[in-house]
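have a look at this prediction, sequence included:
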Amino acid sequence: MILIHGIDYSVVNPDNKWKMLRSQSRFALLALLISSGVVMQGFDIVAGGQLAALPAFKEKFGVLQDDGSYLIPAHYLSAWNSIAPAMEIATSFIFAPLLEKYGRKWGILAASLISTVGVILQQLAPDWRTHLAGRAVNGIAIGMMFTISPLWIGETCRPELRGFFLCFFNTSIVFGQFAIVVVSQGSNHLSGKWQWWLPVVAMYFFPLILTVAWPFFPESPSWLIRHGKREEAKKALRRIYGFKEQAFYEIEASRMEEEVRLTRDLGGGNIDPSRPRKRILGVDVERAAECFDAANRKRTLTAIFAASAQQMIGATFVIGYATYFFELIGVSNYFAASMALYAVMLAASMSAFPLTEIYGRRFLIVGPQFALCFMLLIIGILGCVPDKTKASWGIVALLYMWAIIYQLSIGATGFVLASEIATLRLRATTQGLITITNAVWGLIMQFTVPYMINPDAGNLGGKVGFIFLGTGLMASVGGWYLFPETKGLSFEKLDQLYAMKVPPRLFQKVAAEGMGRHDAGEHVEKEDGIITEEHVRVETSRVA
């Protein structure tokens, strides 16, 4: 046993996670840096609703009304807000396989340069169609970073701290949402084109910081190990951790090699990167099909569902259109109300960092999802109240409560779970599928929500809550059956539990009480290859 900073890194032990955190400042900085690319998505998600509330933007791109005011037509809003997720879908089909072939690092620089072009187009747009083109180009960069960020963190981080650092992903999105609201609040006091230029120009910050840091950013050690580059992987690990003890890098390289070996043995797949693979439009058809074979189907669907549940339960409505919605339902100081909302969400998202590792993923998702559905029901009922003034304040209060619970639960933890589920060999492909599916939901929601709430369309107000109640209930029930507890479990353990066909809701129980027996070579009884709850109960009591 070799101790490094008083910790035995040769074994995966969740009890060491708080001790490990003290020596993870360098890794935390890199995780924060790569997550800053996802700030672009948070900025973009909310930008449409923020810009639509600025008078100068309305005058530039809106339609003059009979009363002399300007209104952004619903189809403008719908196009602006749906084009980015549409481009994320198209990008992910080609981009995810390239990540597995060429690594993760190159995509960061490519995304930065593409984002710069997209922001330039938005800033200099003479009409709404050019502004649309700029958002489309920026959507390509967003799709790339949305795939890279959780992938790099999830496969590089120690298993004990994976949930903690993957929370950076969601917090980065929320920080982007908070930042655009703050910038828009400041620009609201300006006049002329800078009133809407300032929020757009602020987007240059994200590609700038990624481009400056890119030469110093290390490639994923796990990717290097899988491609037979052990010495380069050890160099990357030295840059990531900066420990003086050379034994640590041997331990981590060996741990990653063992992950590769176990994945091959359990999955039975060929992970040789040099073997020619069939591709259509850049898509690795073989890997994509493998994600949905009998051995991996549940894992793939669970990862996709964990990310999609955020959209199904109403995140686009509450988060993406808060400012614009507050204005429509008659809140006088709607910018201040929305800025406070995003500040609360940012604080809640940061609070999820330790909670994810203390209480676990399943605990923070399943129960809170049903609570979110209940609040959507009340919002829908308030939307039917004739006195709109009184009802609007009730809706605002519920939206605040909804946002806090959302960010403490599925908002932060959904991405953590989604990024942990896939087997090592299929992680890049699965992350691409997550990005695609999340973008599809984003496309649907961003396209339809303006028609639901805009005065020239559905004008539903709080009754939108009823719509998201329906999709939210589907997400809640599906999550109860699909979501496992992955806290403290290594990727090897997850592979074993899925290979044993353990029901996801029993993962922690079997890992704590049954896996020791399984590792020692004892046989766990099965019926048709499936471990039932009764078998788990009998085996557990037998050991006790």
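All right, it came through fine. Residues are numbered from 1 along each chain as shown.

please make it C-alpha for all contacts and neighbour counts, starting now.
Noted.

isn't residue 164 right up against residue 357?
Yes: taking contacts as Cα atoms under 8 Å, residue 164 lies within contact range of residue 357: 6.3 Å.

tell me which of the two has more neighbours.
Remark: of residue 164 and residue 357, residue 164 carries more neighbours, 23 against 20, as counted by other Cα atoms under 10 Å.

which residues touch that one?
353-354, 356-357 (Cα atoms under 8 Å, 6 or more residues apart in numbering).

apply 10 Å and report the result again.
17, 21, 28, 157, 352-358, 413, 416, 487 (Cα atoms under 10 Å, 6 or more residues apart in numbering).

now flag whichever of those is closest to residue 369.
Of all these, residue 413 has the smallest distance to residue 369: 11.6 Å, by Cα to Cα.

still on that earlier bit, in helices only, show me the contacts of residue 164.
17, 21, 28, 352-358, 413, 416 (DSSP state H).

overlap in contacts of residue 164 and residue 357?
17, 487.

and the strands in the stretch 151-300 of the chain?
Using DSSP state E, counting those that start in this stretch, the strands of the stretch 151-300 of the chain run over residues 279-280, 283-284.

pick out the residue nearest the middle of the protein.
The chain has residue 415 as the residue nearest its centroid, 4.1 Å off, counting by Cα atoms, centre = their mean.

quick one: that residue from residue 10, how far?
According to Cα to Cα, to the nearest Å, residue 415 and residue 10 sit 27 Å apart.

with residue 513 instead?
Using Cα to Cα, residue 513 is found at 22 Å from residue 10.

picking that back up, and of the ones in helices among the contacts of residue 164, the nearest to residue 256?
The closest of these, once distances to residue 256 are taken by Cα to Cα, is residue 17, at 18.4 Å.

which residue is the nearest non-sequential neighbour of the residue nearest to the centre of the chain?
Among residues not flanking residue 415 along the chain, residue 307 sits closest, at 5.9 Å (Cα to Cα, 6 or more residues apart in numbering).

where does the one you found land on pLDDT?
On the pLDDT scale, residue 307 is placed at 79.

contacts only, for it.
For residue 307, the contacting residues are 410-411, 413-419, 434-435, 437-439, 441, by Cα under 10 Å, 6+ apart.

and stretch 249-257, how far out from the chain's middle?
Distance of stretch 249-257 from the chain centroid (Cα atoms, centre = their mean, to the nearest Å) equals 27 Å.

also stretch 42-54?
Centroid separation for stretch 42-54 versus its chain: 19 Å, with Cα atoms, centre = their mean.

would you put the C-alpha positions of that stretch in PDB?
Output in PDB follows, covering the C-alpha atoms of stretch 42-54 (Å, rounded to 0.1, in the frame of the first residue of the first chain):
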ATOM      1  CA  GLY A  42     -26.700  28.700 -20.400                       C
ATOM      2  CA  PHE A  43     -26.200  32.100 -21.900                       C
ATOM      3  CA  ASP A  44     -27.800  31.000 -25.200                       C
ATOM      4  CA  ILE A  45     -30.800  29.300 -23.500                       C
ATOM      5  CA  VAL A  46     -31.900  32.500 -21.800                       C
ATOM      6  CA  ALA A  47     -30.600  35.000 -24.300                       C
ATOM      7  CA  GLY A  48     -33.800  34.800 -26.500                       C
ATOM      8  CA  GLY A  49     -36.100  35.700 -23.600                       C
ATOM      9  CA  GLN A  50     -33.800  38.400 -22.300                       C
ATOM     10  CA  LEU A  51     -33.200  40.100 -25.600                       C
ATOM     11  CA  ALA A  52     -36.900  40.000 -26.400                       C
ATOM     12  CA  ALA A  53     -37.600  42.000 -23.300                       C
ATOM     13  CA  LEU A  54     -35.200  44.800 -24.300                       C
END
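
ok so, going back, between the contacts of residue 307, which sits nearest residue 137?
residue 439 (14.8 Å).

what's the nearest residue to that closest one if we skip its chain neighbours?
That would be residue 85: by Cα to Cα, 6+ apart, it lies 4.5 Å from residue 439.

the nearest residue to residue 152 once chain neighbours are set aside: how many residues sit nearby?
Nearest residue to residue 152, sequence neighbours excluded (Cα to Cα, 6+ apart): residue 220, at 6.1 Å. Applying other Cα under 10 Å, we find 21 other residues in the vicinity of residue 220.

surely residue 220 meets residue 229?
No: the criterion here is Cα atoms under 10 Å, and residue 220 misses it with residue 229 at 11.1 Å.

how is this structure divided into domains?
Annotated domains of the chain cover 14-217+287-482, 224-269, 491-543 [automatic domain parsing].

look at the longest one and report the distance between its end residues.
In other words, domain 14-217+287-482. End-to-end distance for domain 14-217+287-482, by Cα to Cα: 23 Å.

residue numbering should commence at 68 henceforth.
Shifting the count to begin at 68 puts that one at domain 81-284+354-549.

re the thing from before, comparing the strands of the stretch 218-367 of the chain, which yields the minimum mean pLDDT?
Looking at those, the weakest mean confidence is strand 346-347, a mean of 51.

re earlier: now for the residue nearest to residue 219: which residues touch it?
Residue 287 neighbours (Cα under 10 Å, 6+ apart): 170-172, 218-220, 222-223, 299-300, 303-304, 307.

try 8 Å this time
Listed by Cα under 8 Å, 6+ apart, the contact partners of residue 287 are 170-172, 219, 222-223, 300, 303.

residue 187 against residue 201, yeah?
Yes: using Cα under 8 Å as the test, residue 187 is close enough to residue 201 to be in contact (7.2 Å).

and these two? Which one has more around it.
Set side by side, residue 187 and residue 201 show more neighbours around residue 201, with 25 against 18, by other Cα under 10 Å.

okay, the more buried one: pLDDT?
92.

in what helix or strand does it lie?
Using DSSP states H and E, residue 201 maps to helix 195-223.

which strands or helices does that helix pack on?
Packing partners of helix 195-223 (3 or more Cα pairs under 8 Å, 6 or more residues apart in numbering; DSSP states H and E): helix 92-102, helix 106-119, helix 141-169, helix 172-190, helix 229-254, helix 288-293, helix 477-488, helix 494-520.
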